[in-house]
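**Q** no sequence for this one, just the structure:
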């Protein structure tokens, strides 16, 4: 998986198509990511002695193939490429602008 926590992505498929947000969590085993403000569902939470029961909204994971990186230079969606820098370190780049992704 090419995504990391903190990457700005846009959703390209599904009911939340077009929404943008940061990646909160990556689930490498199932190739899924949790994006801030995307795929929000209501969850019924049982109360305990200190707090009453309530309905909360949480973000659920979506498949990594349904999101694309946002290019830091053009602010449009782009694919991710890999290359090496001067010190032979593997880095991620945006395919559209060849800009380094942090």
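**A** Looks like it arrived, so ask away. Note that the structure is predicted; figures quoted are calculated from it, not measured.
**Q** for the protein, longest strand please?
**A** Longest strand of the chain, by residue count under DSSP state E: strand 20-27.
**Q** which pLDDT value goes with the residue nearest the centre of the chain?
**A** Centroid-nearest residue in the chain: residue 23, 3.3 Å away (criterion: Cα atoms, centre = their mean). pLDDT for residue 23: 98.
**Q** now swap in residue 1 and tell me
**A** Per-residue pLDDT puts residue 1 at 84.
**Q** equivalent analysis for the one 10 residues further on, please.
**A** As summarised for this prediction, residue 11 has a pLDDT of 97.
**Q** am I right that it is in contact with residue 36?
**A** No: contact criterion Cβ atoms under 8 Å: residue 11 and residue 36 do not qualify, at 11.4 Å. (Glycine included, C-beta is placed from N, CA and C.)
**Q** comparing those two, which residue is more hemmed in?
**A** Neighbour comparison, residue 11 and residue 36: the larger count goes to residue 11, with 21 against 15 (by other Cβ atoms under 10 Å).
**Q** grab the nearest non-local neighbour of that one.
**A** Take residue 11 and drop its neighbours on the chain: the residue closest to it by Cβ to Cβ, 6 or more residues apart in numbering is residue 19, 5.0 Å away.
**Q** show me the contacts for the one you found.
**A** Residues in contact with residue 19, defined by Cβ atoms under 8 Å, 6 or more residues apart in numbering, are 10-11, 35, 37-38.
**Q** what's the weakest-modelled helix or strand in the chain?
**A** Least confident element among the helices and strands of the chain, by mean pLDDT, DSSP states H and E: strand 100-101 (a mean of 90).
**Q** ok, that one: who's next to it in the sheet?
**A** Next to strand 100-101 in the sheet, as set by DSSP bridges, lie strand 90-94 (antiparallel).
**Q** chain center to the partner strand, what's the gap?
**A** Put simply, strand 90-94 sits 17 Å off its chain's centre (Cα atoms, centre = their mean, to the nearest Å).
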